[in-house]
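>>> Sequence first, predicted model second:
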Amino acid sequence: MSAAPTLELTYRSDAALLVAYATHLSRGQLLVDLKDRIATGTALQMRLIAPAGSLALAGVVARPRSNTNGSGGNGETALTLTSRPEALGEAIDRLAFGFKGLKALVAASQAAPRALLIRYLRSIVTCEVIEIDQRRLDEPGAICSVDLSVIDLDSTGAAGYELYARLREHKETASTPVLAVAQMERDRARAASLGFDEALANPPAFADLQTSALRALARPITVRLG
């Protein structure tokens, strides 16, 4: 009998793995963006890698990757865990004990939308928020190591897109999830085409921002199937 394929997931931070546990793994599930379609019922060995170490798990494909948006894109593969070793609980306990909160960046040139985004984020997850207004958009010091960024494209305009490009080019923030909020569908489509992790209406509904922020935070930076 051939060995089950190994799925290796690398998380950008220990906090990202902790969010992945809180949103999916604690319920015995995992959603993974795999390039290949794998048949339902396929058994997988999984290795979750974070700065604090790695964890070995086993799972099975519950729902294969499929077209979900009608525009040629593909959805995520849903996995169900078939083993949750004691080491997983112990590792999560250690991560939770050392968790001091996340750091988020919110860029909006107007005070009211910036305050709304900050209030929503602080209600979703414990975080320190770095605010960027119109005066700071072009400052080199505006870019710093954060776990999540949210850019209001309506109030920042072209400077918001430039800030996104700088975040992607900067060593400390290249893999950081970046969310866009914009009123117009064409602006959200442009943000998606440029590589923003999520694009939401502006102002976003709390539930939509919560879902998008947690999904982006829990997403591994690399997924390898071997």
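Thanks, I have the structure now. Numbers count the residues shown, from 1 in each chain.

>>> and the top strand by length along the chain, which strands flank it?
Counting residues, the longest strand in the chain under DSSP state E turns out to be strand 53-63. As defined by DSSP bridges, the strand partners of strand 53-63 come to strand 43-50 (antiparallel), strand 77-83 (antiparallel).

>>> buried residues in the last one?
The one in question is strand 77-83. 77, 78, 79, 81 (16 or more other Cβ atoms under 10 Å). C-beta here means a position set from N, CA and C on the backbone, and glycine is covered the same way.

>>> on that earlier part again, run the chain-centre distance for the longest strand of the chain.
19 Å (Cα atoms, centre = their mean, to the nearest Å).

>>> got it, and stretch 210-226?
On Cα atoms, centre = their mean, the centre of stretch 210-226 falls 5 Å from that of its chain.

>>> mind listing what's buried in that stretch?
210, 211, 212, 213, 214, 215, 216, 217, 218, 219, 220.

>>> ok, now which ones touch the nearest residue to residue 32 once chain neighbours are set aside?
Setting aside the residues directly before and after it, residue 32 is nearest to residue 77 in space (Cβ to Cβ, 6 or more residues apart in numbering), at 5.0 Å. By Cβ atoms under 8 Å, 6 or more residues apart in numbering, residue 77 lies in contact with 31, 32, 33, 34, 37, 38, 61, 63, 64, 65.

>>> and the fifth one, that's in a helix?
Okay, so that is residue 37. No - assignment of residue 37 by DSSP: H, G, I helix; E, B strand; the rest coil gives coil, placing it outside any helix.
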